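Trainee: I would like to see how this sequence folds:
(chains A and B)
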Amino acid sequence: DVKVTQSSRYLVKRTGEKVFLECVQDMDHENMFWYRQDPGLGLRLIYFSYDVKMKEKGDIPEGYSVSREKKERFSLILESASTNQTSMYLCASSPPLTGAKNIQYFGAGTRLSVL
Amino acid sequence: ELKVEQNPLFLSMQEGKNYTIYCNYSTTSDRLYWYRQDPGKSLESLFVLLSNGAVKQEGRLMASLDTKARLSTLHITAAVHDLSATYFCAGDYTGTASKLTFGTGTRLQVTL
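Mentor: Presented below is the predicted three-dimensional model:
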């Protein structure tokens, strides 16, 4: 089974802090993604990476950065946390597009509260 | 830019009833996906629909795709409490084949 592990289920941080959210997958997937999930807005893509050291902006990258130094690990960084970044953050991974499928496998999520 | 809309956002239904969740998308999508999320849990893939007219079924859930109408449906037959969850549809499209665009989700509550 594919396993995507997010390092924390719950985090509470203060405004202005630098926050690191970590994600590790164990299936040697090339693609990794960070989403945030808010009620009524569904999942919105923040950043994704299709290879080590490669990254692309998603739909809402402002206020975030990412790091992918190793294939299995994808980190989301909030340089200076703000209250409007209070949300559920979901990490996902997927293999290269083969067999016409593009299934993403998700972690359990990190619920971040910024006070 | 692909946009995906789901309705309804919230659905309360009695056990034993049938209902349909609708997923409309704005431009050509190569594939259409359905995911399930239980409270406090991660998203789990349910179906991948690859072509016009595709129909997939598992248990009481059946998903279909009409690419001409840019519509996918998730039909629930004789609902049971265990189906209570949030259901998301998502599409992807040529050019950004690894990216998915998700709908807002439909929270399904099946009451006894």
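Trainee: please identify which helix or strand holds residue B:23.
Mentor: Assigned by DSSP states H and E, residue B:23 falls within strand B:19-25.
Trainee: chain center to the very next helix or strand once past that strand: distance?
Mentor: Next helix or strand after strand B:19-25 toward the C-terminus (DSSP H and E): strand B:31-37. Relative to the centre of its chain, strand B:31-37 is centred 5 Å away, using CA atoms, centre = their mean, to the nearest Å.
Trainee: hmm, strand B:31-37 touching chain A?
Mentor: Yes: contact of strand B:31-37 with chain A (CB under 8 Å from any CB of the partner chain) involves B:31, B:33. Quick note: C-beta positions are derived from backbone N, CA and C, even for glycine.
Trainee: if you count neighbours, what's buried in the following helix or strand past that strand?
Mentor: Counting by DSSP H and E, the element after strand B:31-37 in chain order, helix or strand, is strand B:43-49. Counting neighbours by 16 or more other CB atoms under 10 Å in any protein chain shown, one finds that the buried residues in strand B:43-49 are B:43, B:46, B:47, B:48, B:49.
Trainee: and those near chain A, which?
Mentor: B:43, B:48.
Trainee: from the buried residues of strand B:43-49, which two are the most distant?
Mentor: For the buried residues of strand B:43-49, the farthest-apart pair by CB to CB is B:43 and B:49; their separation is 16.6 Å.
Trainee: contacts for the helix or strand of chain B with the lowest mean pLDDT, please.
Mentor: Using mean pLDDT, DSSP states H and E, the weakest-scoring helix or strand in chain B turns out to be strand B:101-102, at a mean of 91. If you take CB atoms under 8 Å, 6 or more residues apart in numbering or on different chains as the criterion, strand B:101-102 is touched by A:35, A:42-45, B:2-4, B:25, B:88-92.
Trainee: tell me the angle whichever helix or strand comes after it makes with strand B:19-25.
Mentor: Beyond strand B:101-102 in the direction of the C-terminus, DSSP H and E gives the next helix or strand as strand B:106-111. With axes from the mean of the first three to the mean of the last three CA atoms, to 10 degrees defining the directions, strand B:106-111 sits at 180 degrees from strand B:19-25.
Trainee: that's a strand at residue A:34, yeah?
Mentor: Yes: counting by DSSP: H, G, I helix; E, B strand; the rest coil, residue A:34 falls inside a strand.
Trainee: up against chain A, what does chain B have?
Mentor: B:4, B:6, B:9, B:31, B:33, B:40-45, B:48, B:50, B:88, B:90, B:92, B:97-105.
Trainee: so which residues on chain A come close to chain B?
Mentor: So chain A meets chain B at A:4, A:31, A:33, A:35, A:40-45, A:48, A:50, A:58, A:90, A:92, A:94, A:96-97, A:100-109 (CB under 8 Å from any CB).
Trainee: what subset of those residues is buried?
Mentor: A:4, A:31, A:33, A:35, A:42-45, A:48, A:50, A:58, A:90, A:92, A:94, A:102, A:104-107, A:109.
Trainee: about what we covered before: how far off centre is the strand holding residue B:23?
Mentor: With CA atoms, centre = their mean, you get 7 Å for strand B:19-25.
Trainee: who touches it?
Mentor: By CB under 8 Å, 6+ apart, strand B:19-25 touches B:2-8, B:11, B:13, B:32, B:34, B:70-76, B:79, B:87, B:89, B:91, B:101, B:103, B:106, B:108.
Trainee: partner strands of that strand, parallel or antiparallel?
Mentor: strand B:4-7 (antiparallel), strand B:71-76 (antiparallel) (DSSP bridges).
Trainee: for the longest one, give the mean pLDDT please.
Mentor: Mean pLDDT, computed over strand B:71-76, is 96.
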